[in-house]
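Colleague: Sequence first, predicted model second:
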Amino acid sequence: MFPFGEPVTILDGAATGQDDDGNDVAAWPVKATYEKCGVAPSDGNGTGGNEQTDARDTVVIGLTVFLPDGADVSPADRAIVRGQTWEVVGEPQAWQNPFTGWRPGVPVALRRVKG
């Protein structure tokens with residue numbers, strides 16, 4: 001992928017059972033690890049990073065990672081990047097540069113909430 005890229009581990013968010021209240025529960029096993037992925041910062045919530053949630057100040061931090069073409073990742077999954085666990089936001093979409101044909105891989109939006 002990228003010569004100076006970073007490893008990204010995808011955790012499978014598929015339900016592995018249900019709790020006593022009937023809610024789906026995931027065990028988060030490792031689905032795949034991809035080496036040399038592109039990692040770029042992004043605005044986690046589109047408003048500069050701070051918001052009020054449940055009467056507390058929170059900071060939403062975002063990343064975009066570029067996984068290899070054909071990577072298996074879904075909105076229910078999580079990712080480990082730089083030792084921290086992130087939530088996948090939205091449906092990952094592969095794309096191709098219309099001028100060069102370059103396929104940078106599958107861009108995946110990630111977010112982490114603090115506070």
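Modeller: The structure has been received and is ready for your questions.

Colleague: Where do the helices of the chain begin and end?
Modeller: Read by DSSP state H, the chain holds no helices at all.

Colleague: which residues does residue 17 form a beta bridge with?
Modeller: residue 25 (DSSP bridges).

Colleague: My error: substitute residue 108 in the last question.
Modeller: Going by DSSP bridges, residue 108 is paired in beta bridges with residue 65.

Colleague: Lowest-scoring secondary structure element of this protein by mean pLDDT?
Modeller: strand 50-53 (a mean of 52; mean pLDDT, DSSP states H and E).

Colleague: The residue of the chain most remote from its centre: what's it in contact with?
Modeller: Largest separation from the mean C-alpha position in the chain: residue 20, at 28.7 Å (C-alpha atoms, centre = their mean). Listed by C-beta atoms under 8 Å, 6 or more residues apart in numbering, residue 20 has no contact partners. C-beta: built from backbone N, CA, C; applies to glycine.

Colleague: Now that we're looking at it, what pLDDT does it have?
Modeller: Each residue has a pLDDT score; the one for residue 20 is 92.

Colleague: what separates it from residue 30, distance-wise?
Modeller: 27 Å (C-beta to C-beta, to the nearest Å).

Colleague: Ok, residue 102 next?
Modeller: 29 Å.
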